[in-house]
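Novice: need a structure here:
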Amino acid sequence: MNDIQQSLPWLTSSCSQLNNYINQHRVPQALLIIGNKGLGKLQLAEFYSQLLMCSSPEPNNSFCGKCSSCKLFNAKTHPDYIFIEPEEHGKAIGIDVIRQLTAKLTLKPQFESFRMVVINSADSLNNASANAFLKYLEEPTERTCLVLITDKPSKLPATIRSRCQKLMVTVTDEQLIKTWLNQQGVIENVDVLLKMAQGSPLLAKQLSDDSVMNFRNDCFKLWIKIARSKDSFVPIAEQWNKLDKKQIELLLIWLISWVMDLIKLRYHQQAIEILNSDLISDLQETANKLDLKKLYNYYDFLLLSQQRLDTQLNKQLMFEEILIQWIDLNSR
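Specialist: Residues are numbered from 1 along each chain as shown. You can find the predicted model right below:
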């Protein structure tokens, strides 16, 4: 078992698939790694890259860690390893970055093995950069392997997706993940954290941090309070608008999960597969007062707001609309 399978054991089947490409001498020119956030897709791409560039791979389908190629890779100075991602979270990968990449790829790799190009958050390519990248995909250079990583494959043009071999990263063994989380020191609220993270182990570990959970609980209290007291929503919208991009993403995930639970509770009148079981008392009390059809409409609006996060959306107005609709929903 190699290092990544020991540290991230749910990636064992994905590692086996990558090793099959190598053992069968069928390394794809372009590989698209798809999966939810928090599954270790980047770590998987780095493992694959180092394995393909290693000059003395081990019999256990792992890189040696000792050859000059491995040493350069570990030092982040390998001339044949190119890593691209947005300069800032939520920003696009512009055409200039892709032009610089394609210019580099016209030159031969400096080592005898593969040259690796890893594009993290490949869905961040804008129209111009995606078109420029597509032109390279149509006429790739020798001994170059492209690895694209995304949790939003639908945002990539179909013309790019169709030219890539696809590797789906999923987690099926829940007990394996719970054991891993326990080993990482996550003992309390494991089921709740996994549901909040949609089964993604690394995200669940991130969410287990006390500050993150406190932030989530504070947001929930404000959301419930405004439903009951009908206080002014503007200060809350202003407060949420000042959050950073990752916090806003988390808040929308939580809002959607709370509404999903309200729908389940309103429909079934009992806690069936509730995502936020630690909040069940407040959720149950609120659900009993709500109209199911309007709840579905509110759920759709939250999903639309989440999809618009990467656009030039006025987030202050977005949060105001979210809270206005929430107040209206509770004004029966």
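Novice: Count the residues that sit near the residue nearest to Lys108 when sequence neighbours are not counted.
Specialist: In space, and not counting its chain neighbours, Lys108 is closest to Glu142: 7.1 Å by Cβ to Cβ, 6 or more residues apart in numbering. Where you see a C-beta, it was placed from the backbone N, CA and C, and this is true even at glycine. Other residues near Glu142 come to 9 when the count uses other Cβ atoms under 10 Å.
Novice: per-residue confidence at Glu142?
Specialist: Looking at Glu142, its pLDDT stands at 86.
Novice: so where does it fall, helix or strand?
Specialist: Assignment of secondary structure by DSSP states H and E places Glu142 within no helix or strand.
Novice: ok, now Leu148?
Specialist: strand 144-150.
Novice: Which strands or helices does the helix or strand following that strand pack on?
Specialist: Where DSSP H and E defines the elements, the next helix or strand beyond strand 144-150 is helix 158-161. With contacts taken as 3 or more Cβ pairs under 8 Å, 6 or more residues apart in numbering; DSSP states H and E, helix 158-161 sits against helix 127-138.
Novice: average model confidence for the helix it packs on?
Specialist: For helix 127-138, mean pLDDT rounds to 94.
Novice: Output that helix in CSV, but only the C-alpha positions, please.
Specialist: Output in CSV follows, covering the C-alpha atoms of helix 127-138 (Å, rounded to 0.1, in the frame of the first residue of the first chain):
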residue,chain,number,x,y,z
ASN,A,127,-14.5,31.2,-22.3
ALA,A,128,-11.4,32.6,-23.8
SER,A,129,-9.0,30.4,-21.8
ALA,A,130,-11.1,27.3,-22.4
ASN,A,131,-11.0,27.8,-26.1
ALA,A,132,-7.3,28.3,-26.1
PHE,A,133,-6.8,25.2,-24.0
LEU,A,134,-9.1,23.2,-26.4
LYS,A,135,-6.8,24.1,-29.3
TYR,A,136,-3.9,22.6,-27.4
LEU,A,137,-5.9,19.5,-26.6
GLU,A,138,-6.6,19.0,-30.3
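Novice: That one: how far from the chain's middle?
Specialist: On the basis of Cα atoms, centre = their mean, to the nearest Å, helix 127-138 sits 23 Å off its chain's mean C-alpha point.
Novice: Using neighbour counts, pick out the buried residues of it.
Specialist: Ser129, Ala130, Ala132, Phe133, Tyr136, Leu137 (16 or more other Cβ atoms under 10 Å).
Novice: Kindly report the same for stretch 262-270.
Specialist: Leu262, Ile263, Lys264, Leu265, Arg266.
Novice: Give me the contacts around that stretch.
Specialist: 271-274, 283-284, 286-288, 290, 292, 295-296, 299 (Cβ atoms under 8 Å, 6 or more residues apart in numbering).
Novice: swap in stretch 98-108?
Specialist: Residues outside stretch 98-108 that contact it (Cβ under 8 Å, 6+ apart): 82, 84, 115, 117, 125, 129, 132-133, 135-136, 140-144.
Novice: Mind listing what's buried along stretch 50-65?
Specialist: Gln50, Leu51, Leu52, Met53, Cys54, Pro57, Asn61, Ser62, Phe63.
Novice: Looking at those residues, which are in helices?
Specialist: Here DSSP state H is the test, and those give Gln50, Leu51, Leu52, Met53 as lying in helices.
Novice: Could you dump the residues you listed into JSON lines and include pLDDT and distance to Ile236?
Specialist: As requested, those are exported to JSON lines (pLDDT from 0 to 100; distance: Cβ to Cβ, whole Å):
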{"residue": "Gln50", "pLDDT": "95", "distance to Ile236": "47"}
{"residue": "Leu51", "pLDDT": "94", "distance to Ile236": "49"}
{"residue": "Leu52", "pLDDT": "94", "distance to Ile236": "50"}
{"residue": "Met53", "pLDDT": "94", "distance to Ile236": "51"}
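Novice: out of those residues, which one sits closest to Arg161?
Specialist: Taking Cβ to Cβ as the measure, Arg161 lies nearest Leu52 of those, at 21.9 Å.
Novice: Pick the one among the buried residues of stretch 262-270 closest to Glu238.
Specialist: So of the buried residues of stretch 262-270, ranked by how close each gets to Glu238 (Cβ to Cβ), first place is Leu262, at 25.1 Å.
Novice: wait, is that closest one part of a strand?
Specialist: No - looking at Leu262 with DSSP: H, G, I helix; E, B strand; the rest coil, it is helix, so not inside a strand.
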